[in-house]
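# Structure, please.
(2 chains)
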2 protein chains.
Amino acid sequence: MKVIKFGGSSLASAEQLTKVRNIVKSDATRKFVVVSAPGKREANDTKVTDALIAYYKAYKKGEDVTTTQKWIISRYQNMCDELGISGAVIVNIADEINSLAKLPIKDNKFLYDTFLAAGENNNAKLIAEYFSENGINARYIHPQDAGIIVSAEPGNARLLPSSYEKINYLNDLDETLIIPGFFGVTENGEICTFSRGGSDITGSIIAAGVRAELYENFTDVDGIFAAHPGIIKSPASITELTYREMRELAYSGFSVLHDEALLPAYRANVPLVIKNTNNPEHPGTKIVAKRTVTGSPVVGIAADGGFTALNISKYLMNREIGFGRKVLQILENLGIRFEHMPTGIDDMSIIMRDRFLNRQLEKSILDNMTESLQPDELYFEKNLSIMMIVGEDMKEHIGVTARAAHALAQAGVNIEMLSQGSSEVSIMFIVKSDQESAAITALYEEFFAK
Amino acid sequence: MKVIKFGGSSLASAEQLTKVRNIVKSDATRKFVVVSAPGKREANDTKVTDALIAYYKAYKKGEDVTTTQKWIISRYQNMCDELGISGAVIVNIADEINSLAKLPIKDNKFLYDTFLAAGENNNAKLIAEYFSENGINARYIHPQDAGIIVSAEPGNARLLPSSYEKINYLNDLDETLIIPGFFGVTENGEICTFSRGGSDITGSIIAAGVRAELYENFTDVDGIFAAHPGIIKSPASITELTYREMRELAYSGFSVLHDEALLPAYRANVPLVIKNTNNPEHPGTKIVAKRTVTGSPVVGIAADGGFTALNISKYLMNREIGFGRKVLQILENLGIRFEHMPTGIDDMSIIMRDRFLNRQLEKSILDNMTESLQPDELYFEKNLSIMMIVGEDMKEHIGVTARAAHALAQAGVNIEMLSQGSSEVSIMFIVKSDQESAAITALYEEFFAK
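Reported below is the predicted structural model:
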């Protein structure tokens, strides 16, 4: 059996829902369908989720909400009309949307999550009805009934480990199940959402729970490209990736799937495929534990800006037991996550994401380290990008580092830092952000265009 | 004024001492002469220091020590005879050597240090006498009188910071001062030796204390070679090095000067030159704060074996705040120093020197980390060598990394790990130890033989 998940752009209109129905219908093993809220129909459109946020804000302020309510209901109504779905379901949807404005505001830490979740929840109802009326034995199922019981952390729910056993019972149901993504229910019955990319998480959880043979993640691109199409024109699409490769690419800028979404499927050893609702014949990109397709040592080139280096040097640093630990302790005490820590003999750099820093924190870091470490040099280096060339087969190919470094040098890109670790799944370069595009182009030319 | 230090091989025989006298005499600014104990005259000879160790052991066991005493005294006697030095000094030397066997054994934690220091101390007396009788206004001075007051840590003495002020008074003395290297005196008047390479430390301390214009370190080679002459035939000699470059080379296998010896001169900004007693016309290698000689981006290639990597991987590792700190805390709790810590996204390696590990410690590391970090993978990788290409000018040359990596790839050397940090004074490669020679040869060919 397969779990199949559709993103918001795949569910934005009657036209899209027709494609979705055909995709589900074409394969009887597609038994578990996880759906997002309706996305944008065209560039200037409003996502249902964004409308729900506006609705929530207005309601909380005590403003009039009828216009927003109507707009949201009409979005579902339009789809029902265009798809010729009978009236009962839209009444149910309208009821749920309107009744949000009767929930208690005070001491209700799940209010925002409950508003947001209505986007997915009502779309699941609509789709279940549409499928049922069009040849699929479909059934809407609420996350509570599906067994998705989560921790009481609004906006950042985590599945309770005991949930997997309950989810596994979904295998006993005969119908094709339509499950709203993005949220679960706490042990007290409150609606609580996952973090960003939450419908992907639901799909991954269901895939792990039912022990699916495959988790199909349908979006609006033909899988994952070997490099960012904004920089490389028509980059190659990747046929197969390992979870580790995907994780390295996602880390450094590939935004297809969130880490939290990969984890449940990864742990349950369920392969995942990223496919295109608008081009379902394309095989997409498969993400697996162990790759069968091999060839080029590099499968993808990723880059992400917004990094800062804290450079520390002190003569004879490496003879001080505990120096590195003290550096990390100071960061931990300030609640700052670090990304990498390349070390020389008497110097080290701590690479951090800009978004975890601010002027105040930077000052605290400098003050604390100056006091407790007495370094010879201590300064921040800004506007850095991390570039990653990724491929499990690199370890079989002597000279990948040489090719990459040579390509960068030829393109006039200075390597600020370089780290190639024991995993050999990736080689990391740090370059100045204004050289990021040139670096990606040079590496793509080297590994894909030759 | 200059501080000039001679190593054991420069002071092993009358012939060598004649060279030393000529060197000191040829430059009136060579006012502070630091001397080692007599070294080997030829390959099968015994160093005076090793004879003193045998003497100490026999004395402590209650064995007969007269043969050893005689042998040691005869070493000095022979030099006196050959140099035609008058009798008084050898009587003094023989007294000191013999009286070691009257020192208390029980509760005397400085006994070993006192035995060892006699090698340098008596050589200084002999040399001062020889100089005085041969046209140099020389004076032997004991470290206590020179102001070298140290911590009471046998075998690992550290200069008390207040000593520098006392040492500075040496500038007020008119004579050329002959100072025994390798040891100082505690505040209670006990003899206490520095760690290995201790005479170099004394020279560096004197140079810092008297604010010398130059610290000349005389040994038996024409300065520092760009690569190990055991691997590269007749390697280039280095004209000028910065302290940072020297430190990086020393770290990874260049054994000319110990870190502790560099530090005092470095802190006081005294330049250092390494010269050859047997070829004093050769300019040697100068070690300075800022280099004036430039050209090739790489000044030296060093390698050192005996490293082990601890490889740790865990899916989503880098999202766990404090993961790296916990790893280092475990090592610190076990008293283990680490050298480097290259990180990937979900993996890190901790590079340690084999000599700080043993089977028991390795087991403790694995047990502790398994318990508190629950990694997906955790294993030791043995028989690694660290290679370093060093040069402050590398940062001006795009493509040094590419050239190095290409040269290694051409030679069939697999780069296990690679780290190029913010300092850009060095690029570090980790290779399997059985590829170390091939790697050095390839890098030397690339940067020096082209």
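
# Tell me the buried residues in stretch A:13-27?
A:13, A:14, A:16, A:17, A:19, A:20, A:21, A:23, A:24 (16 or more other CB atoms under 10 Å in any protein chain shown). Glycine gets a C-beta too; all of them are placed from N, C-alpha and C.

# What about the residues you listed, which are in strands?
Under the assignment DSSP state E, the buried residues of stretch A:13-27 contribute nothing to strands.

# The helix or strand hosting residue A:125: how far from the chain's middle?
Using DSSP states H and E, residue A:125 sits in helix A:111-132. Offset of helix A:111-132 from its chain centre (CA atoms, centre = their mean, to the nearest Å): 21 Å.

# now the first helix or strand past it going along the chain: how far from the chain's centre is it?
The helix or strand immediately downstream of helix A:111-132 is strand A:138-140, counting by DSSP H and E. Using CA atoms, centre = their mean, the mean C-alpha position of strand A:138-140 is found 26 Å from that of the whole chain.

# any chance you could map the helices in chain A?
Remark: helices assigned in chain A by DSSP state H are A:14-25, A:48-61, A:66-83, A:88-99, A:111-132, A:143-146, A:163-168, A:198-209, A:243-251, A:259-267, A:323-333, A:359-373, A:400-410, A:436-448.

# among the ones you listed, which is the most enclosed?
helix A:198-209 (a mean of 28; mean count of other CB atoms under 10 Å in any protein chain shown).

# what angle sits between that one and helix A:259-267?
Angle between the axes of helix A:198-209 and helix A:259-267 is 10 degrees (criterion: axes from the mean of the first three to the mean of the last three CA atoms, to 10 degrees).

# In terms of secondary structure, what does helix A:198-209 contact?
Contact partners of helix A:198-209 among helices and strands, from 3 or more CB pairs under 8 Å, 6 or more residues apart in numbering or on different chains; DSSP states H and E: strand A:2-6, strand A:30-35, helix A:163-168, strand A:176-180, strand A:183-186, strand A:214-219, helix A:259-267.

# I'd like these as JSON lines, with mean pLDDT and distance to residue B:375 appended.
Output for these, formatted as JSON lines (pLDDT from 0 to 100; distance: least, CB to CB, whole Å):
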{"stretch": "strand A:2-6", "mean pLDDT": "98", "distance to residue B:375": "29"}
{"stretch": "strand A:30-35", "mean pLDDT": "98", "distance to residue B:375": "31"}
{"stretch": "helix A:163-168", "mean pLDDT": "96", "distance to residue B:375": "23"}
{"stretch": "strand A:176-180", "mean pLDDT": "98", "distance to residue B:375": "33"}
{"stretch": "strand A:183-186", "mean pLDDT": "97", "distance to residue B:375": "28"}
{"stretch": "strand A:214-219", "mean pLDDT": "96", "distance to residue B:375": "25"}
{"stretch": "helix A:259-267", "mean pLDDT": "87", "distance to residue B:375": "14"}
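
# list the contacts for residue A:89?
A:80, A:125, A:126, A:129 (CB atoms under 8 Å, 6 or more residues apart in numbering or on different chains).

# Return stretch A:61-68 as CSV; C-alpha atoms alone will do.
Extracted in CSV, the C-alpha atoms of stretch A:61-68 (Å, rounded to 0.1, in the frame of the first residue of the first chain):
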residue,chain,number,x,y,z
LYS,A,61,-9.3,41.7,17.9
GLY,A,62,-13.1,41.6,18.0
GLU,A,63,-13.4,42.9,14.5
ASP,A,64,-16.1,41.9,12.0
VAL,A,65,-15.2,38.5,10.4
THR,A,66,-18.2,37.9,8.1
THR,A,67,-16.4,38.9,4.9
THR,A,68,-13.4,36.6,5.6
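
# ok and the helix holding residue A:125 relative to helix A:14-25, angle-wise?
Going by the same axes, to 10 degrees, helix A:111-132 makes 70 degrees with helix A:14-25.

# farthest-separated two in the contacts of residue A:89?
A:80 and A:125 (10.4 Å; CB to CB).

# domain assignment for chain A?
Domain ranges of chain A: A:2-220, A:300-448, per automatic domain parsing.

# Next, the buried residues of stretch A:334-353.
A:336-353.

# Among the residues you listed, which are located in strands?
Judged by DSSP E, the subset of these located in strands is A:347, A:348, A:349, A:350, A:351, A:352, A:353.

# Residue A:312 is in contact with the fourth one, correct?
Yes: at 7.3 Å, residue A:350 and residue A:312 qualify as touching, with contact defined as CB atoms under 8 Å.

# residue closest to the middle of chain A?
Among the residues of chain A, the one closest to the centroid is residue A:258, at 2.1 Å (CA atoms, centre = their mean).

# Leaving out sequence neighbours, find the closest residue to residue A:155.
residue A:193 (5.9 Å; CB to CB, 6 or more residues apart in numbering or on different chains).

# Same question for residue A:11.
Closest to residue A:11 by CB to CB, 6+ apart is residue A:38, at 5.4 Å.

# Run a quick neighbour tally on the one you found.
Applying other CB atoms under 10 Å in any protein chain shown, we find 30 residues neighbouring residue A:38.

# Also residue A:41?
17.

# Enumerate every residue touching it.
A:12, A:13.

# residues contacting the residue of the stretch 151-300 of chain A found nearest chain B?
Closest approach of the stretch 151-300 of chain A to chain B (CB to the nearest CB) occurs at residue A:251, with a separation of 4.7 Å. Applying CB under 8 Å, 6+ apart to residue A:251 gives the contacts A:259, A:302, A:304, A:388, B:318, B:345.

# do the same with residue A:1
Counting by CB under 8 Å, 6+ apart, residue A:1 has contacts A:29, A:31, A:32, A:171, A:210, A:212, A:213.

# That one and residue B:80, how far apart?
As defined by CB to CB, to the nearest Å, residue A:1 lies at a distance of 97 Å from residue B:80.

# what does stretch A:253-270 contact?
A:3, A:159, A:194-197, A:200-201, A:203-205, A:207-208, A:211-215, A:217, A:219, A:221, A:224, A:228, A:243, A:246-247, A:250-251, A:271-272, A:274, A:287, A:289, A:300, A:302-304, B:315-316, B:319.

# how does it look with 6 Å?
Stretch A:253-270 is contacted by residues A:197, A:200-201, A:204-205, A:207-208, A:212, A:215, A:224, A:243, A:272, A:289, A:302-304, B:316 when judged by CB atoms under 6 Å, 6 or more residues apart in numbering or on different chains.

# gap between the two ends of it?
End-to-end span of stretch A:253-270 (CA to CA, to the nearest Å): 24 Å.

# Ok, stretch A:19-37 next?
16 Å.

# now that stretch: how far from the chain's centre is it?
On the basis of CA atoms, centre = their mean, stretch A:19-37 sits 21 Å off its chain's mean C-alpha point.
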